[in-house]
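K.L.:
All I have is the shape, not the residue letters:
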Ligand SMILES: NC(=O)C1=CN([C@@H]2O[C@H](COP(=O)(O)OP(=O)(O)OC[C@H]3O[C@@H](n4cnc5c(N)ncnc54)[C@H](OP(=O)(O)O)[C@@H]3O)[C@@H](O)[C@H]2O)C=CC1
Ligand SMILES: Nc1nc(=O)c2c([nH]1)NC[C@@H]1CN(c3ccc(C(=O)N[C@@H](CCC(=O)O)C(=O)O)cc3)C=[N+]21
(Lines give C-alpha, C1' and ligand atoms only; values in the text may rest on other atoms or scores of the structure.)
(Ligands and ions follow the chains in the order given, each with its own letter.)
Protein backbone atom coordinates (compact mmCIF):
# COMPACT_ATOMS: atom_id res chain seq x y z
CA UNK A 1 0.00 0.00 0.00
CA UNK A 2 1.23 3.49 -0.74
CA UNK A 3 -0.08 6.05 1.69
CA UNK A 4 -2.06 9.10 0.70
CA UNK A 5 -0.09 12.27 1.43
CA UNK A 6 -2.03 14.59 3.72
CA UNK A 7 -1.57 18.08 2.28
CA UNK A 8 -1.28 20.31 5.35
CA UNK A 9 -0.20 23.25 3.26
CA UNK A 10 -3.42 23.16 1.24
CA UNK A 11 -5.59 22.54 4.32
CA UNK A 12 -3.92 25.49 6.06
CA UNK A 13 -4.45 27.75 3.05
CA UNK A 14 -8.15 26.83 3.03
CA UNK A 15 -8.44 27.55 6.76
CA UNK A 16 -6.65 30.90 6.37
CA UNK A 17 -9.10 31.76 3.60
CA UNK A 18 -12.04 31.21 5.99
CA UNK A 19 -10.26 33.24 8.66
CA UNK A 20 -9.64 36.12 6.24
CA UNK A 21 -13.35 36.15 5.32
CA UNK A 22 -14.33 36.26 8.99
CA UNK A 23 -11.80 39.01 9.74
CA UNK A 24 -13.14 41.10 6.85
CA UNK A 25 -16.66 40.69 8.24
CA UNK A 26 -15.59 41.65 11.77
CA UNK A 27 -13.79 44.76 10.52
CA UNK A 28 -16.81 45.75 8.42
CA UNK A 29 -19.70 45.03 10.76
CA UNK A 30 -18.14 45.23 14.23
CA UNK A 31 -15.19 47.57 13.67
CA UNK A 32 -13.02 44.87 15.20
CA UNK A 33 -9.56 44.10 13.84
CA UNK A 34 -8.02 41.12 15.64
CA UNK A 35 -4.38 41.74 16.63
CA UNK A 36 -1.64 39.22 17.41
CA UNK A 37 1.56 40.09 19.30
CA UNK A 38 4.50 37.73 18.90
CA UNK A 39 7.49 38.03 21.22
CA UNK A 40 10.82 36.53 20.22
CA UNK A 41 13.71 36.54 22.67
CA UNK A 42 17.09 35.86 21.08
CA UNK A 43 18.07 34.95 17.55
CA UNK A 44 17.44 31.25 17.01
CA UNK A 45 17.32 31.03 13.17
CA UNK A 46 14.44 28.49 13.06
CA UNK A 47 12.37 30.70 15.39
CA UNK A 48 13.13 33.70 13.18
CA UNK A 49 11.68 31.93 10.11
CA UNK A 50 8.63 30.85 12.05
CA UNK A 51 8.02 34.30 13.53
CA UNK A 52 8.40 35.94 10.09
CA UNK A 53 5.90 33.51 8.54
CA UNK A 54 3.43 34.18 11.33
CA UNK A 55 3.72 37.95 10.93
CA UNK A 56 3.18 37.72 7.17
CA UNK A 57 0.19 35.38 7.38
CA UNK A 58 -1.38 37.48 10.14
CA UNK A 59 -1.28 40.54 7.89
CA UNK A 60 -2.50 38.54 4.87
CA UNK A 61 -5.55 37.50 6.89
CA UNK A 62 -6.34 41.19 7.49
CA UNK A 63 -5.25 41.18 11.12
CA UNK A 64 -2.86 43.44 13.03
CA UNK A 65 0.58 41.98 13.64
CA UNK A 66 2.88 43.26 16.38
CA UNK A 67 6.33 41.63 16.53
CA UNK A 68 8.65 42.25 19.49
CA UNK A 69 12.25 41.11 19.14
CA UNK A 70 14.21 41.16 22.37
CA UNK A 71 17.92 40.58 22.97
CA UNK A 72 19.12 37.16 24.03
CA UNK A 73 20.17 38.57 27.43
CA UNK A 74 16.75 40.07 28.20
CA UNK A 75 15.89 39.65 31.89
CA UNK A 76 12.77 37.94 33.13
CA UNK A 77 11.65 41.26 34.65
CA UNK A 78 11.90 43.01 31.26
CA UNK A 79 9.93 40.26 29.54
CA UNK A 80 7.25 40.26 32.24
CA UNK A 81 6.95 44.05 31.86
CA UNK A 82 6.37 43.64 28.10
CA UNK A 83 3.76 40.94 28.74
CA UNK A 84 1.99 43.28 31.18
CA UNK A 85 1.94 46.02 28.52
CA UNK A 86 0.51 43.60 25.94
CA UNK A 87 -2.10 42.37 28.43
CA UNK A 88 -3.24 45.99 28.85
CA UNK A 89 -3.15 46.89 25.13
CA UNK A 90 -6.69 46.82 23.68
CA UNK A 91 -5.37 46.41 20.10
CA UNK A 92 -3.67 43.14 21.10
CA UNK A 93 -6.08 40.20 21.36
CA UNK A 94 -3.55 37.39 21.22
CA UNK A 95 -0.08 37.06 22.76
CA UNK A 96 2.49 34.43 21.79
CA UNK A 97 5.87 34.28 23.48
CA UNK A 98 8.02 32.02 21.33
CA UNK A 99 9.50 29.08 23.22
CA UNK A 100 12.06 27.99 24.24
CA UNK A 101 13.24 31.03 26.22
CA UNK A 102 16.86 31.63 27.26
CA UNK A 103 17.89 29.99 30.56
CA UNK A 104 17.73 33.15 32.70
CA UNK A 105 13.94 33.27 32.13
CA UNK A 106 11.46 30.95 33.86
CA UNK A 107 9.09 29.83 31.08
CA UNK A 108 6.26 28.86 33.40
CA UNK A 109 6.34 32.25 35.10
CA UNK A 110 6.03 33.99 31.74
CA UNK A 111 3.23 31.70 30.54
CA UNK A 112 1.32 32.31 33.77
CA UNK A 113 1.72 36.09 33.35
CA UNK A 114 -0.16 36.13 30.02
CA UNK A 115 -3.82 37.10 30.35
CA UNK A 116 -5.60 33.72 29.82
CA UNK A 117 -8.09 35.48 27.52
CA UNK A 118 -5.16 36.47 25.24
CA UNK A 119 -3.30 33.16 25.56
CA UNK A 120 -3.69 32.05 21.93
CA UNK A 121 -1.03 29.35 22.45
CA UNK A 122 -3.33 27.72 25.01
CA UNK A 123 -0.39 27.17 27.38
CA UNK A 124 -1.74 29.02 30.46
CA UNK A 125 -2.75 26.54 33.20
CA UNK A 126 -6.31 27.91 33.09
CA UNK A 127 -6.61 27.01 29.39
CA UNK A 128 -4.79 23.69 29.84
CA UNK A 129 -7.23 22.89 32.67
CA UNK A 130 -10.23 23.90 30.57
CA UNK A 131 -9.01 21.57 27.81
CA UNK A 132 -8.52 18.73 30.29
CA UNK A 133 -12.07 19.35 31.55
CA UNK A 134 -13.39 18.98 28.01
CA UNK A 135 -14.57 22.60 27.90
CA UNK A 136 -15.37 23.18 24.20
CA UNK A 137 -14.56 26.89 24.60
CA UNK A 138 -10.98 26.30 25.76
CA UNK A 139 -8.23 28.07 23.81
CA UNK A 140 -6.35 24.90 22.82
CA UNK A 141 -2.72 24.67 21.69
CA UNK A 142 -2.35 25.31 17.96
CA UNK A 143 -0.21 22.34 16.91
CA UNK A 144 -2.46 19.61 18.34
CA UNK A 145 -5.57 21.39 17.07
CA UNK A 146 -3.99 21.49 13.62
CA UNK A 147 -3.28 17.75 13.86
CA UNK A 148 -6.86 17.10 14.94
CA UNK A 149 -8.31 19.02 12.01
CA UNK A 150 -6.20 16.93 9.61
CA UNK A 151 -7.29 13.72 11.35
CA UNK A 152 -10.98 14.63 11.27
CA UNK A 153 -10.71 15.09 7.53
CA UNK A 154 -9.18 11.61 7.18
CA UNK A 155 -11.93 9.98 9.25
CA UNK A 156 -14.95 11.92 7.97
CA UNK A 157 -15.24 13.67 11.35
CA UNK A 158 -15.67 10.44 13.31
CA UNK A 159 -12.64 9.35 15.32
CA UNK A 160 -14.63 7.40 17.93
CA UNK A 161 -13.09 4.09 18.92
CA UNK A 162 -9.83 4.56 17.01
CA UNK A 163 -6.69 3.48 18.83
CA UNK A 164 -4.48 6.57 18.92
CA UNK A 165 -0.84 6.52 19.99
CA UNK A 166 0.68 9.88 20.87
CA UNK A 167 4.47 9.72 21.10
CA UNK A 168 5.67 12.60 23.31
CA UNK A 169 4.15 14.14 26.43
CA UNK A 170 5.13 17.81 26.28
CA UNK A 171 2.69 20.48 27.44
CA UNK A 172 2.91 22.03 23.96
CA UNK A 173 2.08 19.01 21.82
CA UNK A 174 1.80 15.52 23.31
CA UNK A 175 -0.38 16.16 26.35
CA UNK A 176 -2.93 18.46 24.71
CA UNK A 177 -3.01 16.15 21.65
CA UNK A 178 -3.96 13.26 23.91
CA UNK A 179 -6.70 15.38 25.55
CA UNK A 180 -8.17 16.35 22.19
CA UNK A 181 -8.17 12.74 20.92
CA UNK A 182 -9.79 11.55 24.12
CA UNK A 183 -12.45 14.22 23.64
CA UNK A 184 -13.10 12.67 20.20
CA UNK A 185 -13.58 9.28 21.92
CA UNK A 186 -10.37 7.72 20.70
CA UNK A 187 -8.67 5.13 22.90
CA UNK A 188 -5.48 7.01 23.69
CA UNK A 189 -2.01 5.79 24.62
CA UNK A 190 0.71 8.30 25.47
CA UNK A 191 4.31 7.15 24.95
CA UNK A 192 7.51 8.89 26.11
CA UNK A 193 11.19 8.22 26.65
CA UNK A 194 10.52 5.66 29.40
CA UNK A 195 7.93 3.70 27.41
CA UNK A 196 8.81 0.01 26.96
CA UNK A 197 8.56 -1.61 23.54
CA UNK A 198 7.28 1.35 21.59
CA UNK A 199 7.32 -0.54 18.25
CA UNK A 200 4.87 -3.12 19.65
CA UNK A 201 2.53 -0.38 20.96
CA UNK A 202 2.73 1.38 17.65
CA UNK A 203 1.66 -1.73 15.72
CA UNK A 204 -1.72 -1.59 17.47
CA UNK A 205 -2.41 2.04 16.62
CA UNK A 206 -4.89 3.20 13.99
CA UNK A 207 -3.56 6.74 14.50
CA UNK A 208 0.05 7.63 15.31
CA UNK A 209 1.00 11.18 16.27
CA UNK A 210 4.78 11.53 16.56
CA UNK A 211 5.99 14.57 18.54
CA UNK A 212 9.43 13.62 19.76
CA UNK A 213 12.14 15.65 18.05
CA UNK A 214 14.15 12.64 16.82
CA UNK A 215 14.62 12.45 13.06
CA UNK A 216 13.09 9.35 11.49
CA UNK A 217 12.57 7.55 14.80
CA UNK A 218 9.26 5.90 13.85
CA UNK A 219 10.07 3.14 11.35
CA UNK A 220 7.89 1.69 8.62
CA UNK A 221 7.74 -1.74 10.26
CA UNK A 222 6.36 -0.21 13.48
CA UNK A 223 3.14 0.73 11.72
CA UNK A 224 -0.11 -1.14 11.39
CA UNK A 225 -0.95 -1.34 7.69
CA UNK A 226 -3.36 1.47 6.82
CA UNK A 227 -2.59 3.55 9.93
CA UNK A 228 -2.92 7.34 9.70
CA UNK A 229 0.39 8.96 10.64
CA UNK A 230 0.72 12.57 11.77
CA UNK A 231 4.34 13.68 11.93
CA UNK A 232 4.78 16.73 14.17
CA UNK A 233 8.58 16.58 14.30
CA UNK A 234 10.60 19.41 12.80
CA UNK A 235 14.24 18.38 12.71
CA UNK A 236 16.93 20.27 10.84
CA UNK A 237 19.61 18.11 9.29
CA UNK A 238 22.58 19.40 7.32
CA UNK A 239 21.53 19.54 3.65
CA UNK A 240 23.18 20.65 0.43
CA UNK A 241 25.69 23.45 0.99
CA UNK A 242 24.68 25.55 3.98
CA UNK A 243 20.96 24.83 3.56
CA UNK A 244 19.32 22.75 6.29
CA UNK A 245 17.03 19.88 5.33
CA UNK A 246 13.81 19.53 7.36
CA UNK A 247 12.75 16.04 8.35
CA UNK A 248 10.09 14.70 10.67
CA UNK A 249 10.10 12.12 13.45
CA UNK A 250 8.86 9.43 11.05
CA UNK A 251 11.02 7.62 8.47
CA UNK A 252 8.84 8.94 5.68
CA UNK A 253 9.84 6.73 2.71
CA UNK A 254 9.40 3.54 4.74
CA UNK A 255 6.22 4.67 6.46
CA UNK A 256 4.66 5.61 3.16
CA UNK A 257 4.76 1.97 2.06
CA UNK A 258 2.70 0.84 5.07
CA UNK A 259 0.52 3.70 6.26
CA UNK A 260 -2.89 4.59 4.88
CA UNK A 261 -2.16 8.31 5.01
CA UNK A 262 0.75 10.40 6.27
CA UNK A 263 1.69 14.06 6.70
CA UNK A 264 4.91 15.21 5.04
CA UNK A 265 7.57 17.44 6.64
CA UNK A 266 7.62 20.20 5.58
CA UNK A 267 4.09 20.90 4.34
CA UNK A 268 2.16 18.90 6.93
CA UNK A 269 1.49 19.97 10.50
CA UNK A 270 3.65 23.14 10.48
CA UNK A 271 1.42 25.28 8.24
CA UNK A 272 -1.67 24.10 10.16
CA UNK A 273 -0.10 25.32 13.42
CA UNK A 274 0.11 28.88 12.11
CA UNK A 275 -3.42 28.78 10.66
CA UNK A 276 -4.77 27.59 14.02
CA UNK A 277 -2.91 30.39 15.77
CA UNK A 278 -4.71 32.90 13.56
CA UNK A 279 -7.99 31.16 14.29
CA UNK A 280 -7.41 31.29 18.06
CA UNK A 281 -6.61 34.99 17.74
CA UNK A 282 -9.92 35.69 15.97
CA UNK A 283 -11.83 33.65 18.56
CA UNK A 284 -10.03 35.48 21.40
CA UNK A 285 -10.68 38.89 19.81
CA UNK A 286 -14.40 38.15 19.46
CA UNK A 287 -14.65 37.11 23.11
CA UNK A 288 -12.79 40.19 24.30
CA UNK A 289 -15.07 42.43 22.24
CA UNK A 290 -18.17 40.38 23.19
CA UNK A 291 -18.94 39.84 19.51
CA UNK A 292 -20.19 36.56 18.04
CA UNK A 293 -17.64 34.63 15.99
CA UNK A 294 -18.53 32.37 13.08
CA UNK A 295 -15.25 30.50 13.43
CA UNK A 296 -15.26 28.76 16.83
N1 LIG B 1 5.00 21.31 13.44
C2 LIG B 1 4.82 22.14 14.46
O3 LIG B 1 4.02 23.03 14.37
C4 LIG B 1 5.57 21.94 15.72
C5 LIG B 1 6.58 21.03 15.75
N6 LIG B 1 7.24 20.76 16.90
C7 LIG B 1 8.26 19.70 16.84
O8 LIG B 1 7.74 18.53 17.45
C9 LIG B 1 8.75 17.83 18.13
C10 LIG B 1 8.37 17.66 19.60
O11 LIG B 1 8.26 18.94 20.20
P12 LIG B 1 8.00 19.13 21.78
O13 LIG B 1 6.81 18.36 22.18
O14 LIG B 1 8.08 20.57 22.04
O15 LIG B 1 9.35 18.41 22.32
P16 LIG B 1 9.83 18.04 23.79
O17 LIG B 1 11.31 17.85 23.67
O18 LIG B 1 9.27 18.97 24.78
O19 LIG B 1 9.17 16.60 24.04
C20 LIG B 1 9.60 15.47 23.39
C21 LIG B 1 8.88 14.26 23.93
O22 LIG B 1 9.38 13.10 23.26
C23 LIG B 1 9.67 12.10 24.22
N24 LIG B 1 10.78 11.26 23.76
C25 LIG B 1 12.09 11.57 23.64
N26 LIG B 1 12.79 10.51 23.22
C27 LIG B 1 11.91 9.50 23.06
C28 LIG B 1 12.03 8.14 22.66
N29 LIG B 1 13.21 7.60 22.33
N30 LIG B 1 10.91 7.38 22.63
C31 LIG B 1 9.72 7.90 22.95
N32 LIG B 1 9.55 9.18 23.35
C33 LIG B 1 10.63 9.96 23.40
C34 LIG B 1 10.06 12.84 25.47
O35 LIG B 1 9.85 11.99 26.57
P36 LIG B 1 10.12 12.44 28.11
O37 LIG B 1 8.94 13.28 28.48
O38 LIG B 1 10.16 11.15 28.85
O39 LIG B 1 11.40 13.18 28.09
C40 LIG B 1 9.09 14.02 25.43
O41 LIG B 1 7.88 13.71 26.04
C42 LIG B 1 10.03 18.62 17.87
O43 LIG B 1 10.64 18.09 16.72
C44 LIG B 1 9.51 20.01 17.58
O45 LIG B 1 10.40 20.76 16.78
C46 LIG B 1 6.89 21.36 18.08
C47 LIG B 1 5.88 22.30 18.12
C48 LIG B 1 5.18 22.68 16.92
N1 LIG C 1 4.97 29.77 22.02
C2 LIG C 1 5.22 28.93 21.02
N3 LIG C 1 4.19 28.45 20.28
C4 LIG C 1 4.43 27.59 19.25
O5 LIG C 1 3.47 27.12 18.58
C6 LIG C 1 5.78 27.23 18.94
C7 LIG C 1 6.80 27.77 19.75
N8 LIG C 1 6.49 28.60 20.78
N9 LIG C 1 8.09 27.44 19.51
C10 LIG C 1 8.47 26.64 18.38
C11 LIG C 1 7.40 25.67 17.96
C12 LIG C 1 7.59 25.18 16.56
N13 LIG C 1 6.46 25.67 15.80
C14 LIG C 1 6.32 25.59 14.41
C15 LIG C 1 5.29 26.18 13.73
C16 LIG C 1 5.21 26.17 12.35
C17 LIG C 1 6.17 25.54 11.61
C18 LIG C 1 6.10 25.56 10.12
O19 LIG C 1 5.37 26.32 9.53
N20 LIG C 1 6.85 24.69 9.43
C21 LIG C 1 6.91 24.61 7.98
C22 LIG C 1 8.35 24.78 7.50
C23 LIG C 1 9.01 26.07 7.93
C24 LIG C 1 10.51 26.08 7.66
O25 LIG C 1 10.89 25.94 6.49
O26 LIG C 1 11.28 26.20 8.63
C27 LIG C 1 6.42 23.24 7.53
O28 LIG C 1 6.47 22.31 8.36
O29 LIG C 1 6.03 23.11 6.38
C30 LIG C 1 7.21 24.91 12.27
C31 LIG C 1 7.28 24.93 13.66
C32 LIG C 1 5.64 26.35 16.66
N33 LIG C 1 6.11 26.39 17.90
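P.N.:
Cool, got the structure. Just so you know, these numbers come straight off a predicted model, no measurement behind them. Ligands and ions are numbered 1, 2, ... in the order given.

K.L.:
Residue numbers of the protein in contact with ligand 1?
P.N.:
Contact residues, the chain versus ligand 1 (CB under 6 Å from any ligand atom): 143, 167-170, 172-174, 191-195, 198, 211-214, 232-235, 269-270, 273. No exception for glycine: its C-beta is placed from N, CA and C like everyone else's.

K.L.:
Show me which residues of the stretch 51-200 of the chain are close to ligand 2?
P.N.:
With CB under 6 Å from any ligand atom as the criterion, the stretch 51-200 of the chain meets ligand 2 at residues 53, 96-99, 121, 142-143.

K.L.:
repeat that with 5 Å
P.N.:
98-99, 121 (CB under 5 Å from any ligand atom).

K.L.:
between those residues, which is nearest residue 257?
P.N.:
Distance to residue 257 across these (CB to CB) is lowest for residue 99, with 35.0 Å.

K.L.:
residue boundaries of the helices in the stretch 151-296 of the chain?
P.N.:
With helices called from DSSP state H, counting those that start in this stretch, the stretch 151-296 of the chain shows them at 174-183, 198-202, 252-256, 269-288.

K.L.:
from these, which stretch is densest packed?
P.N.:
For the helices of the stretch 151-296 of the chain, the largest average neighbour count (mean count of other CB atoms under 10 Å) is found in helix 269-288, namely a mean of 24.

K.L.:
So what's the gap between it and the chain middle?
P.N.:
On the basis of CA atoms, centre = their mean, to the nearest Å, helix 269-288 sits 10 Å off its chain's mean C-alpha point.

K.L.:
right, is it up against ligand 2?
P.N.:
Yes. Using CB under 5 Å from any ligand atom, helix 269-288 reaches ligand 2 at 270, 273.

K.L.:
mean confidence for that helix?
P.N.:
Rounded to a whole number, the mean pLDDT of helix 269-288 is 98.

K.L.:
and that helix, what other elements does it pack with?
P.N.:
Applying 3 or more CB pairs under 8 Å, 6 or more residues apart in numbering; DSSP states H and E, we find helix 269-288 packed against helix 8-30, strand 35-41, helix 45-60, strand 94-97, helix 142-154.

K.L.:
what inclination does it have with respect to strand 35-41?
P.N.:
On the basis of axes from the mean of the first three to the mean of the last three CA atoms, to 10 degrees, helix 269-288 is oriented at 130 degrees to strand 35-41.

K.L.:
Poorly predicted segments of the stretch 151-296 of the chain, please.
P.N.:
Applying pLDDT under 70 to the stretch 151-296 of the chain flags the ranges 296.

K.L.:
if I look at the residue in the stretch 1-150 of the chain that ligand 1 sits nearest to, how far off is residue 108?
P.N.:
Using CB to the nearest ligand atom, residue 143 is the residue of the stretch 1-150 of the chain that sits closest to ligand 1, at 4.1 Å. Using CB to CB, to the nearest Å, one obtains 19 Å as the distance from residue 143 to residue 108.

K.L.:
what's the nearest residue to residue 235 once chain neighbours are set aside in contact with, if anything?
P.N.:
Excluding the flanking residues, the one nearest residue 235 by CB to CB, 6 or more residues apart in numbering is residue 215, at 4.1 Å. Residues near residue 215 by CB atoms under 8 Å, 6 or more residues apart in numbering: 233, 235, 237, 247-249.

K.L.:
and what of residue 245?
P.N.:
Here residue 245 is in contact with 236-239 (CB under 8 Å, 6+ apart).

K.L.:
partner residues bridging it?
P.N.:
Residue 245 has these beta-bridge partners by DSSP bridges: residue 237.

K.L.:
mind listing what the residue lying closest to residue 99 once chain neighbours are set aside touches?
P.N.:
Excluding the flanking residues, the one nearest residue 99 by CB to CB, 6+ apart is residue 107, at 6.2 Å. Neighbouring residues of residue 107 by CB under 8 Å, 6+ apart: 99-101.

K.L.:
Can you give me the distance of residue 107 to residue 42?
P.N.:
Separation of residue 107 from residue 42 (CB to CB): 13 Å.

K.L.:
neighbours around residue 100, how many?
P.N.:
Residues contacting residue 100 under the criterion other CB atoms under 10 Å number 12.
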